[in-house]
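> Structural data only, the sequence is not supplied:
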């Protein structure tokens with residue numbers, strides 16, 4: 001939608017921008033909760049080598065108790081309900097428009113959101129407590145968290161606000177190197193000055209890298225051109241969070257690891273939990289502003305103003321770049337997308353290789369060993385369907401989409 005804002009020359013009204021941000025924060029909470037409780041915590045609460053039949057969400061609920069499970073699901077409903085109030089549906093929202101939002105928020109809905117925001121804050125606080133009680137108190141898990149098996153030393157990309165704090169919906173994209181030093185900042189289509197995408201004959205997913213360092217292959221460490229995005233990347237790129245509870249949790253995590261950047265992939269789960277709390281606090285803060293019920297939520301669309309638009313946000317998985325070129329009628333003629341799993345292509349390969357080399361000996365693989373390898377990539381919250389929108393090596397570099405009459409409607413280019 002941010003790319004469409006640019007194409008139609010319609011920056012969102014102040015009220016619409018706030019509604020978008022509340023909506024986005026609610027999405028973060030329900031998404032992060034699912035990843036943490038369904039994919040992350042079972043590895044630790046149920047045991048990393050437990051059989052798959054036990055190492056899952058149901059197994060987790062059995063371990064923590066049904067009443068606790070019910071309470072967590074109730075809190076998640078609160079985030080989904082906020083999403084539904086603003087998005088029109090509990091999934092696949094229908095209210096976003098170029099330049100704004102299709103419906104205003106009523107005072108009754110604002111009060112409802114405030115109530116659900118309190119539930120979301122409790123969910124964030126509880127999740128961090130679970131993390132402390134069940135993971136950080138376990139010496140074996142602490143060793144995995146701080147050790148080298150799941151460490152991938154790369155650069156990081158994330159979005160920050162004007163004060164350098166972690167941001168999700170809007171801000172400046174910042175890259176830091178393996179030591180935390182700033183490499184570059186950019187906005188909009190300037191991403192092309194800093195990021196290149198390498199086509200691989202053996203993969204449907206491209207491999208982005210930093211142009212400044214040049215392609216070095218799937219290697220980490222000093223001089224690597226690979227970079228990561230997502231919760232841990234945002235944690236490493238930003239200098240904290242702009243809400244009190246999240247900032248307190250941030251400082252605790254920095255102290256635990258003895259500084260930052262933090263390169264252990266298991267820390268993605270911890271950073272994800274902090275973001276849940278941060279987003280809940282942001283919803284409370286934004287919904288406390290009575291002006292968000294203003295009817296000034298949209299602008300009239302009056303044709304294409306620019307034939308190119310780039311939108312960049314921090315999706316829950318990580319930085320999301322949408323780049324569109326259109327004709328005078330607004331028909332899309334050229335597209336490039338770099339989604340979170342694509343950004344993370346290189347680090348994921350490094351992580352899997354390192355874990356496999358550590359755990360697989362003499363070709364022996366069982367369910368427990370296999371899961372210890374899978375733990376290396378699960379924190380990235382992969383979406384290969386999102387990442388493989390282009391088909392390098394399988395289709396020509398430029399694909400045309402035609403209507404039944406043979407007219408070219410769009411060209412999808414594999415940059």
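That came through, no problem. Computed from a predicted model, the values in this text were never measured in an experiment.

> just the strands in the stretch 51-200 of the chain please.
For the stretch 51-200 of the chain, the strands identified by DSSP state E, counting those that start in this stretch occupy 96-97, 100-101, 155-160, 172-176, 182-186, 195-198, in order along the chain.

> most neighbours per residue, which of those strands?
strand 155-160 (a mean of 26; mean count of other Cβ atoms under 10 Å). Backbone N, C-alpha and C define where each C-beta goes, glycine included.

> relative orientation of that one and strand 172-176 in degrees?
For strand 155-160 against strand 172-176, the angle by axes from the mean of the first three to the mean of the last three Cα atoms, to 10 degrees is 150 degrees.

> gap between strand 155-160 and the chain center?
For strand 155-160, the distance from its own C-alpha centre to the chain's C-alpha centre is 11 Å (Cα atoms, centre = their mean, to the nearest Å).

> Could you tell me the angle between that strand and strand 182-186?
Relative orientation of strand 155-160 and strand 182-186, computed by the same axes, to 10 degrees: 50 degrees.

> Tell me which residues are up against strand 155-160.
166-168, 170-178, 183, 210, 213, 224-229, 232-239, 261, 312-314, 318-319, 343 (Cβ atoms under 8 Å, 6 or more residues apart in numbering).

> in a helix, that's where residue 312 is, yeah?
No - note on residue 312: no helix contains this position according to DSSP: H, G, I helix; E, B strand; the rest coil, which reports strand.

> Enumerate every residue touching the closest residue in space to it that isn't next to it in sequence.
Counting by Cβ to Cβ, 6 or more residues apart in numbering, residue 321 is the residue found nearest to residue 312 once chain neighbours are left out, at 5.2 Å. By Cβ under 8 Å, 6+ apart, residue 321 lies in contact with 191, 310, 311, 312, 336, 337, 338, 339.

> nearest to residue 76, of these?
For these, the closest approach to residue 76 (Cβ to Cβ) belongs to residue 339, at 24.0 Å.

> Wait, the closest one touches residue 314, no?
No - counting by Cβ atoms under 8 Å, no contact exists between residue 339 and residue 314, whose distance comes to 11.8 Å.

> Which residue of these two possesses the greater neighbour count?
Counted by other Cβ atoms under 10 Å, residue 339 and residue 314 do not tie: residue 314 has more neighbours, with 28 against 22.

> which ones are touching that one?
Here residue 314 is in contact with 158, 159, 167, 168, 169, 234, 320 (Cβ under 8 Å, 6+ apart).

> Near the fifth one, how many other residues are there?
Put plainly, it is residue 169. Counted with other Cβ under 10 Å, the burial measure for residue 169 works out to 19 neighbours.

> what residues are up against it?
Taking Cβ under 8 Å, 6+ apart, one finds 17, 20, 21, 24, 313, 314 in contact with residue 169.

> host element of the fourth one?
Going back to what we said before, that points to residue 24. In the assignment (DSSP states H and E), residue 24 maps to helix 14-34.

> what about residue 62, distance to residue 86?
The gap separating residue 62 from residue 86 is 35 Å, by Cβ to Cβ, to the nearest Å.

> Residue 294 too?
Going from residue 294 to residue 86 by Cβ to Cβ gives 15 Å.

> How about residue 330?
With distances defined as Cβ to Cβ, the gap from residue 330 to residue 86 amounts to 25 Å.

> for residue 13, same thing?
Distance, residue 13 to residue 86, by Cβ to Cβ: 15 Å.
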